[in-house]
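# no FASTA, just this:
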C-alpha cells in the first residue's frame, strides 16, 4: 500500500545560481505514481481465459464457446439478414425484384478525394462518383413513392376540407424504425468484419461527412471498398499523440453502407421533416447522436445488446463487446499470417528510407506524399492495415478485394517474394461464402 502525502516538497529552480528554494505541488507526486503504476500494468500479464481445441477450430473464453465454422456461418447469416432489411427499405412490392427496380451499384467505379475538407462533403459528391452512379440518389425513393400508385396511397393522403397533402405519420414512423433496425445490423457487421475490432466509442463516432469542428470524416472509398479511419486516443494525456487506425470492410458490407448513404438516408431525412413538420440539423454521424432517426440514442449499450441478442439466437452462446475483442485477437493469432496488429508506429525502418537519410516515419509524414493523402494518413501504414483487413475477410469467407499492391525490393528479409508467398499459403484463405 502506498500512502500519498499532501506535504509540499522543496525544490531548487533549474539553471539558476540562486539559493532560493521553492515548493513542488502535491500533483507532482501523483503524476509520478501514476506513471509508475502504468508501467507495472504494461509489464504484468493478466489472467488467461482463452482455450483452443486440439485442431484449433473451437475457441472458449469464459462463457463464450465458438467454432470457426459457426463464426463464418454467423457472419454469413448477418449479411443475408441485412440484405433483406435493405430490400425492405427500398419499398419493394412482393412482385418486384431488386434487380429490376433498384439502381445498380458498381463499387469499383466509385472515387473519393480524402484531401477535400469542405463542410458537408463526402465521397458521394465527388464528380467521378456522380458520373459512375445512375442517379444522384437524393430524390430516387421520393420519386418512387410519388410515382407508384400503391406506395402513394400507403404513404400520402389528402385532407378533404383544404386538399392539403398529408404524410401518414404511422407509416413514416414505422419506416424510420426499420432504418434504425438496419443501422443496428450494420453496426454489428462493421464491428465483426472490418478487422480487429474497434472500441464501441471509436465505431459509433464514425462520420460520413466533413464537419466544421471535427473536420475530416472517418469514412472513405478506396479501390472498391469502404475504409474506416479512427483516431485512437488511449494514452493521449501521457504521450500527447493519437494513433490513426485504418479498417476496411468487405465488398458485401461496403455495398450496404453505400446504398444506405446514397438512397436511404436522404429519403429518411425528407419524410421525417415532411411528416412531423420539423427540420433537424443534418447529423454527419453514421449513427446519429442524440435524437436519431428513431427512438433511442446510439451508445455502447446498443452494440452490446445486438451482439448478445444475435449470438444467443444464432450461436446459442454468450457474446459481448469484451469477449468478442478477446476472441478476435485470439483468432488472428491462431489463424492469420499477420498474427494480429503489431504495435502502432513501430520503429521498423525500410532500407530505402534509411538510404535516403531518414526513417520510415519521416518518409510517410513528410516526403513524397500522395496527392490524395488525407492529413494524418500514411500510405505505408494504410497498405499494412488493408492487408490485415483483407486477410480477416478471407478467413471469414468473403471474396477478397485485392486492389493495387506493390511488393518492394527486400520484402521478406532476403527471401524471394514468390518463394515467400508459396511458404505462407494457407488453405483457409480461399474459404468462400457457401453453406457448410
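Sure, I can see it. Model, not experiment: these values are computed from the prediction.
# shouldn't residue 117 be in contact with residue 210?
Yes. Between residue 117 and residue 210 there is a contact at 5.7 Å, judged by CB atoms under 8 Å. All C-beta spots, glycine's among them, are computed from the backbone N, C-alpha and C.
# Now do the shared contacts for these two.
Common neighbours of residue 117 and residue 210 (criterion: CB atoms under 8 Å, 6 or more residues apart in numbering): residue 216.
# Comparing those two, which residue is more hemmed in?
Set residue 117 next to residue 210 and count neighbours by other CB atoms under 10 Å: residue 210 wins out with 17 against 14.
# In contact with that one, which residues?
Residue 210 is in contact with 116, 117, 118, 119, 120, 121, 122, 216, 217, 284, counting by CB under 8 Å, 6+ apart.
# For residue 334, grab the count of nearby residues.
Residue 334, neighbours per other CB under 10 Å, totals 15.
# any idea whether the residue nearest to residue 248 when sequence neighbours are not counted is helix, strand or coil?
In this structure, residue 248 finds its nearest non-sequential neighbour in residue 389, 3.8 Å apart by CB to CB, 6 or more residues apart in numbering. Here residue 389 is recorded as helix under DSSP: H, G, I helix; E, B strand; the rest coil.
# Pull the number of nearby residues for residue 389.
25.
# I'd like the distance between it and residue 68.
18 Å (CB to CB, to the nearest Å).
# for residue 338, same thing?
With CB to CB as the criterion, residue 338 and residue 68 are 17 Å apart.
# the more surrounded of those two?
Neighbour totals were compared for residue 338 and residue 68, and residue 68 leads with 20 against 17 (other CB under 10 Å).
# Hmm, the more buried one is touching residue 330, no?
No. Using CB under 8 Å, residue 68 makes no contact with residue 330, being 11.2 Å away.
# list residues touching both of these two?
Joint contacts of residue 68 and residue 330 (CB under 8 Å, 6+ apart) are residue 59.
# tell me which element residue 170 is part of?
helix 169-193 (DSSP states H and E).
# After that helix, heading C-terminal, what element do we hit next?
Trace forward from helix 169-193 with DSSP H and E and the next one is helix 200-204.
# from the chain's centre, how far out does that following helix sit?
Relative to its chain's centre, helix 200-204 lies at 8 Å (CA atoms, centre = their mean, to the nearest Å).
# where exactly do the strands run in this structure?
Per DSSP state E, the chain carries strands over the ranges 9-11, 22-24, 50-52, 58-61, 64-67, 156-158, 165-167, 219-222, 225-232, 243-248.
# Surely residue 254 touches residue 223?
No. Taking CB under 8 Å as the definition, residue 254 is not a contact partner of residue 223, at 10.5 Å.
# center of this structure, which residue is that?
Nearest residue to the geometric centre of the chain (CA atoms, centre = their mean): residue 228, 4.5 Å.
# ok, what's across the strand from that one?
residue 219, residue 247 (DSSP bridges).
# Quick check: it touching residue 218?
Yes. Checked against CB under 8 Å, the pair residue 228 and residue 218 is within contact range at 6.1 Å.
# Please list the outside residues in contact with stretch 132-140.
Contacts of stretch 132-140 (CB under 8 Å, 6+ apart): 103-106, 109-111, 124, 130, 262-263, 266-267.
# Tell me the one of these nearest residue 396?
Within these, the smallest distance to residue 396 is 21.8 Å, found for residue 105 (CB to CB).
# Can you give me every residue that contacts that closest one?
So residue 105 contacts 133, 255, 258, 259, 262 (CB under 8 Å, 6+ apart).
# Residue 338 contacts residue 332, correct?
Yes. The criterion here is CB under 8 Å, and residue 338 meets it with residue 332 at 6.9 Å.
# related to what we said a few turns ago, which of the contacts of residue 210 has the largest number of neighbours?
residue 217 (25 neighbours).
# got a list of what the residue nearest to that one when sequence neighbours are not counted touches?
Leaving out its chain neighbours, the residue that sits closest to residue 217 by CB to CB, 6+ apart is residue 207, at 4.6 Å. Contact analysis of residue 207 by CB under 8 Å, 6+ apart lists 214, 217, 218, 219, 284, 285, 286.
# From residue 281, how far out is residue 207?
Residue 207 is 14 Å from residue 281, by CB to CB.
# try residue 147
Separation of residue 147 from residue 281 (CB to CB) stands at 30 Å.
# which one of those two has more residues nearby?
Between residue 147 and residue 281, residue 147 has the larger neighbour count (other CB under 10 Å), namely 9 against 6.
# about what we covered before: please type out the PyMOL selection for whichever of the contacts of stretch 132-140 turn out to be buried.
Those of these that count as buried under 16 or more other CB atoms under 10 Å are selected in PyMOL with:
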select buried, resi 105+110+124+262+263+266+267
